[in-house]
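# Give me a 3D structure for the following:
(one chain, ligands or ions: 1)
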Amino acid sequence: MNELAHISPYADAAHRGAVIALWESAFGYAGAHNAPGFAIDQKVAAADGLFFVALLGGQPVGTIMAGYDGHRGWLYSLAVAAAHRRGGIGTALVRHAEAELATRGCAKINLQVLPANASVTGFYRALGYAVEERVSMGKRLLG
Ligand SMILES: CC(C)(COP(=O)(O)OP(=O)(O)OC[C@H]1O[C@@H](n2cnc3c(N)ncnc32)[C@H](O)[C@@H]1OP(=O)(O)O)[C@@H](O)C(=O)NCCC(=O)NCCS
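So this is what the prediction gives:
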């Protein structure tokens, strides 16, 4: 990994603006249910200690969220700023989240990749993840 980057817990006062800008650039957003500010507020309110940033010179250049429900771990919102990709920061973020989930007793991690972003499976395969034949279902409870 880029030796100048380090992984830190997300701190709203210091990181919010840069994280929103990063997510708008990396993901784009179609609706309010996953608008960056809303997603950040919900995760901060959860206070589960599973939201991390990669910092370069104190500035966020990468993010990852994880979740753990006592059965499975999940990874979300992995992003690295375009100018800092292919330097190992994405790998470091995933490894950091994996280590944190492991300390909580999590035995397996799942994640979802949108069809339009299928090439990113190469990144996850390099980290030991495999495509599993599942039908992914979901239901919105808010707006
Ligand atoms: C996916 C992402 C987080 C990777 O971050 P990164 O810091 O560039 O990743 P790393 O440098 O740790 O990459 C490690 C290895 O993964 C593989 N890899 C990385 N990006 C890849 C891509 N887009 N496609 C295929 N393989 C990729 C490479 O083997 C790479 O090693 P190499 O650079 O020595 O060839 C980054 O490309 C990104 O933010 N993409 C946009 C947001 C996104 O798609 N997030 C995932 C949503 S599921």
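
# Going by C-alpha atoms from here, please, whenever you check contacts or count neighbours.
Fine.

# Go ahead and report the secondary structure state at the closest residue in space to V19 that isn't next to it in sequence.
Leaving aside its sequence neighbours, V19 sits nearest to P60 (Cα to Cα, 6 or more residues apart in numbering; 6.6 Å). Per DSSP: H, G, I helix; E, B strand; the rest coil, the local secondary structure of P60 is strand.

# my guess is P60 meets A79, correct?
No. The criterion here is Cα atoms under 8 Å, and P60 misses it with A79 at 10.4 Å.

# I'd like to know how many residues surround the residue nearest to V19.
Residues contacting P60 under the criterion other Cα atoms under 10 Å number 25.

# before we move on, what about the one 4 residues further on?
Residue crowding around I64 was assessed by other Cα under 10 Å; the count is 23.

# Surely it is within a strand?
Yes. Judged by three-state DSSP, I64 forms part of a strand.
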